[in-house]
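Q: When you get a sec, could you give me coordinates for this:
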Amino acid sequence: MRGTAIFFLVAALLMVTGVSLAASPQDLLASGHVDEAVQVLEQQVHQAPNDAGGYNLLCRAYLMMEEWDRGIANCERARNLDSKNSLHSVWLGRIYGEKADHAGFLSAAGLAKKSRTAFERAVELEPRNWEARKDLAEFYFSAPGIVGGGKDKAREQADTIRALNPAAASWVEGQIAEKNKDYGAAEREYRAAIAASHSGVWAWTELAIFFRHVNRLDEMEKALHEVETAPVDHHEALMDAASLLMRTGRDSALGIRLLRRYFSVGTVEEGPAFKAHEYWGQLLERQGDHHGAAQEYHAALALFHNYHRAQEDLTRVEH
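A: Here you go, the predicted model:
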């Protein structure tokens, strides 16, 4: 009886938020319905405690919610159940890294080492997995040597990635050049990534992010205008592009158009829809449309009820 009650509770929640009961956990994550995804996946792993894939998805849901400890426990469970799966090591490395970014120095060092080990294991298991290599390269060029970082190691990864994904390899080289404050070389590499990706939205967004870092905001905005019509190779880049405009106080109307395009081409897990709604609300709020902003904050909270930033935004515009 208890299992039946949970089933009908989940069904009711799915209908209220407009998601089909037949939606898979992957679909729920891609559409940003993180509350429902967690409920479905918790029930799934309860019924099938050896379901490594279920634990991996649950980890990813908690990562979206920024609940690092719960996410790590589930990612570790997925890795332990299926230690030969490169994907499980990739996500474990990512969530260790996210927690490290939000931890104190001593804790961060230990977590960073675990992140590196997980990424290295992912690459070992699947050497042609360019995304795993890109994550590992990002660790190497970002982390200090004491936890295993190093720009030479990152360059080695870029050399291997180039045969698998030239745009990603140029991005890694651009990041290394930027870390070295060689901004001319960095810009050349980001533009090489644009060429290699056939002017995809991701590479244009990365160039815009670089322009923001070096305070060339007019050029940032020009690059983001390219994003508006560029081929969509990474859907989440549209959301990232809009967030740049939101954070820099530039062209709110362009930001809204980018978010509208994001929702029209299809939401993805890497760019949670609840965050996109919150960004849209902030852009509308900047335009003085508090009613429209409140609607977007409500939309974000319908997907993730404990989304603190949207809760704070909603309190601000309604009072």
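Q: Okay, now the unreliable bits of the stretch 1-150 of the chain?
A: Counting by pLDDT under 70, the stretch 1-150 of the chain contains low-confidence residues at 1-22.
Q: Now do the helices in it.
A: 2-16, 25-30, 34-47, 52-64, 68-81, 86-101, 105-125, 130-142 (DSSP state H, counting those that start in this stretch).
Q: will you turn the ones you listed into JSON lines that also has distance to residue 222 and mean neighbour count?
A: Yep, even glycine has a C-beta here, placed from its N, CA and C like the rest. Formatted as JSON lines, those follow (distance: least, C-beta to C-beta, whole Å; neighbours: other C-beta atoms under 10 Å):
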{"stretch": "helix 2-16", "distance to residue 222": "42", "mean neighbour count": "12"}
{"stretch": "helix 25-30", "distance to residue 222": "31", "mean neighbour count": "20"}
{"stretch": "helix 34-47", "distance to residue 222": "34", "mean neighbour count": "20"}
{"stretch": "helix 52-64", "distance to residue 222": "31", "mean neighbour count": "24"}
{"stretch": "helix 68-81", "distance to residue 222": "37", "mean neighbour count": "20"}
{"stretch": "helix 86-101", "distance to residue 222": "30", "mean neighbour count": "23"}
{"stretch": "helix 105-125", "distance to residue 222": "34", "mean neighbour count": "18"}
{"stretch": "helix 130-142", "distance to residue 222": "26", "mean neighbour count": "23"}
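Q: For the ones you listed, give me JSON lines that also has distance to residue 287.
A: Compiled in JSON lines, these are given as follows (distance: least, C-beta to C-beta, whole Å):
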{"stretch": "helix 2-16", "distance to residue 287": "30"}
{"stretch": "helix 25-30", "distance to residue 287": "29"}
{"stretch": "helix 34-47", "distance to residue 287": "28"}
{"stretch": "helix 52-64", "distance to residue 287": "28"}
{"stretch": "helix 68-81", "distance to residue 287": "35"}
{"stretch": "helix 86-101", "distance to residue 287": "32"}
{"stretch": "helix 105-125", "distance to residue 287": "39"}
{"stretch": "helix 130-142", "distance to residue 287": "35"}
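Q: What is the neighbour count of residue 179?
A: Neighbourhood size, residue 179 [other C-beta atoms under 10 Å]: 13.
Q: just to revisit the earlier point, closest one to residue 194 among the helices of the stretch 1-150 of the chain?
A: With C-beta to C-beta, the closest approach to residue 194 among those belongs to helix 130-142: 16.7 Å.
Q: who does that closest one touch, helix- and strand-wise?
A: Judged by 3 or more C-beta pairs under 8 Å, 6 or more residues apart in numbering; DSSP states H and E, the packing partners of helix 130-142 are helix 86-101, helix 105-125, helix 151-162, helix 166-179.
Q: So for the last one, mean pLDDT?
A: Here the mean pLDDT over helix 166-179 is 98, rounded to a whole number.
Q: for the helices and strands packed on helix 130-142, which one sits closest to residue 309?
A: It is, among the helices and strands packed on helix 130-142 and with distance given as C-beta to C-beta, helix 86-101, at 16.2 Å.
Q: relative to helix 68-81, how tilted is that closest one?
A: Orientation of helix 86-101 against helix 68-81 (axes from the mean of the first three to the mean of the last three C-alpha atoms, to 10 degrees) gives an angle of 150 degrees.
Q: which residues sit against stretch 241-256?
A: Defining contact as C-beta atoms under 8 Å, 6 or more residues apart in numbering, one finds that stretch 241-256 is touched by 201, 204-205, 208-209, 212, 217, 220-221, 224-225, 227-228, 258-259, 262, 276, 279-280, 282-284, 286-287.
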